[in-house]
Structure formats: C-alpha cells, structure tokens
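> coords please:
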Amino acid sequence: MKIDEITISKAITESFMKDFLEAMEVDIAIAGAGPSGMTAAYYLAKEGVKTAVFERSLRVGGGMPGGGMMFNRIVVQEEGKRILDEFEVRTMEYQEGYYVADSLETISTICSKSIKSGARIFNLMSVEDVMIREDDRITGLVLNWSATSLAKLHVDPLAIRSKMVIDATGHDCEVCRVVARKLGARLKTRTGEVIGEKSMWAEVGEKEIVENTREVYPGLIVAGMAANAVFGSPRMGAIFGGMLLSGKRAAEVALETMQKPVIT
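Numbers count the residues shown, from 1 in each chain. Take a look at the predicted model:
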C-alpha cells in the first residue's frame, strides 16, 4: 500500500477536531488527568454522563507513574484495592491491610478503562480560567495549549461549557485558586480561600481526602490531592487508595448534584 503523508495528517486533524468539538459542551469537565480525575471520569462516563478531561502535561497520571521516590510501585489500603480490582489491576498483599501495585500498570489501566467507558481525555491543554454567569455558578472552563503558556505567548484561549467542573489538578489546585483569586474569598472552606496542604501524615490525609471531596463553589467539585490542599489537610505520599476513593466520590457528588442515580 502506498503511504501518503497528507492523508495521515488529515486523518489526525479531522479525527481530533471531531472529538474536541464534541467536548466543547459536556456534562462534566475535569481539570487534571491524575488518578482521581480519571477515576471520576470512568465512573461518570459509565453512568452515561458526557465527560471530558483536560490535562496540561504530555502524559497522564499526575504523580502516580513515579510511585514512591521513582520506585514505580504504589500502596493502597483495602478500600482502594476494591477499586483496583474493579479496574482489573493486579495487586500483591505486602502485609495485612497493605497492597502493592505497579504504578505504571495502574495508571495506564485507569486511563484505558476511562476512555473505553466513554470519557474523552485531552492532554497538553491547560485551564486558564473558568466561565461564570449571573447566578455566580461556574459553567465551564477556559483552555489554552500548554505550549502557549510555557512559551509565554499572548494567545487568546477558547472555552468549553459544562454543567459542573471537577478540580483534580493535584497539589496546585489550579481551578480553585483561579476562582478564589478572581471571585474573592468565597470557597466553602473555613477561610473562604485555598488553605494549603499540611505536611505528610498518611493516616489523616487518607481519611480526610474523601471527606474533602465535595462541592467547594457552585458548580465546582474538588477531588484528589487538590481537595486536601484546598481544605488544609495533610499530604499522604505514595499511598494512593484515597486518591481513587476521592475520584469515585467526586463522581457520586456530581451525579447527586445532577440528580442522577448514585454509583453502586
């Protein structure tokens, strides 16, 4: 078969633009394709919710691919293992209550299952801002190519509309910081602002991350490490069960808010 470079270029451009145009109006827009963001996307898409994830980096996975200090292994507790079992990720019991998984197998499987469930994931796109309307509800995201901000080019962004937004941008909690900076101290935290994460305490951080996964501003849910950073809870390190549980909880909160059946 003769190979034509222009046909290849057209195939890439046309298929990508079709997906991107479809993603300009969704039910749920997720900022960040780390473990919590993609887990939320999986559970939402599985329920028929039109979901798109926007990741600023070239690769997905947040901090999970690096495991602990570049040892590509992660630990999950019993509750987190149940989610990995659903994803069909292999685990090994290290000792009672502690399960080890390959970080690369874990994140690649979650990514694949999320896409196959119907979620769209776009990498190399950064969230610059949010859209807001008269009722002070967040109604979408403002996006630009990550390369644009890295090159410090003044290029205007584009916007996508959504019924709700999930901030799963990790330690930086970028969407929540934009909202706090531009709309004032009105987040549903004790200060009204992003409090900032505390030093590592895995036991407390794992417990509080699920409690912190909630609507923090009308139309904005916070999940994953962003949730602990927003509410001032500790970081957890290389135990990732809470991240998975937070992603699932974020999907549940979104479904409850949209008055859809809760995940079983």
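
> ok, then the element right after the helix or strand where Asn144 lies?
If you go by DSSP states H and E, Asn144 is part of strand 138-145. Moving toward the C-terminus from strand 138-145, the next helix or strand (DSSP H and E) is helix 146-150.

> Tell me the helix or strand right after that following helix.
Per DSSP H and E, the first helix or strand lying C-terminal to helix 146-150 is strand 158-167.

> what angle do that following strand and strand 138-145 make?
Inter-element angle recorded for strand 158-167 and strand 138-145: 120 degrees (by axes from the mean of the first three to the mean of the last three C-alpha atoms, to 10 degrees).

> Parallel or antiparallel, list what pairs with strand 158-167.
Here strand 158-167 is paired, per DSSP bridges, with strand 25-31 (parallel), strand 138-145 (antiparallel), strand 220-222 (parallel).

> Redo those as TSV? Include mean pLDDT, mean neighbour count and distance to Met236.
To be clear about C-beta, it is placed using only N, CA and C from the backbone, and glycine gets the same treatment. As requested, the strands paired with strand 158-167 are exported to TSV (pLDDT from 0 to 100; neighbours: other C-beta atoms under 10 Å; distance: least, C-beta to C-beta, whole Å):
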stretch	mean pLDDT	mean neighbour count	distance to Met236
strand 25-31	98	25	21
strand 138-145	97	21	27
strand 220-222	98	27	16
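
> Now tabulate these in CSV and tack on distance to Ser246.
CSV is the format used below for these (distance: least, C-beta to C-beta, whole Å):
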stretch, distance to Ser246
strand 25-31, 12
strand 138-145, 19
strand 220-222, 9
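
> if we compare those, which one ends up closest to Gly62?
When the strands paired with strand 158-167 are compared by C-beta to C-beta, strand 25-31 sits nearest Gly62, at 11.7 Å.

> After the closest one, which helix or strand is next? Please name it.
With DSSP H and E, the next secondary element past strand 25-31 is helix 35-46.

> From the contact counts, what lies against the next helix or strand after that next one?
Proceeding N to C from helix 35-46, the next assigned helix or strand is strand 51-54, under DSSP H and E. Applying 3 or more C-beta pairs under 8 Å, 6 or more residues apart in numbering; DSSP states H and E, we find strand 51-54 packed against strand 25-31, helix 35-46, strand 120-122, strand 125-132.

> how about the ones you listed, which one is nearest Glu252?
helix 35-46 (7.6 Å).

> for the closest one, the distance to its chain's centre please.
8 Å (C-alpha atoms, centre = their mean, to the nearest Å).

> Could you check the angle that helix makes with strand 25-31?
Orientation check (the same axes, to 10 degrees): helix 35-46 against strand 25-31 gives 160 degrees.

> would you put the C-alpha positions of helix 35-46 in PDB?
Written as PDB, here are the backbone C-alpha positions of helix 35-46 (Å, rounded to 0.1, in the frame of the first residue of the first chain):
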ATOM      1  CA  PRO A  35      -5.700   9.100  39.300                       C
ATOM      2  CA  SER A  36      -8.600  10.900  40.900                       C
ATOM      3  CA  GLY A  37      -9.600  12.800  37.800                       C
ATOM      4  CA  MET A  38      -9.500   9.700  35.600                       C
ATOM      5  CA  THR A  39     -11.300   7.600  38.200                       C
ATOM      6  CA  ALA A  40     -14.000  10.200  38.400                       C
ATOM      7  CA  ALA A  41     -14.200  10.200  34.600                       C
ATOM      8  CA  TYR A  42     -14.600   6.400  34.500                       C
ATOM      9  CA  TYR A  43     -17.500   6.300  36.900                       C
ATOM     10  CA  LEU A  44     -19.200   9.300  35.300                       C
ATOM     11  CA  ALA A  45     -18.900   8.000  31.700                       C
ATOM     12  CA  LYS A  46     -20.000   4.600  32.900                       C
END
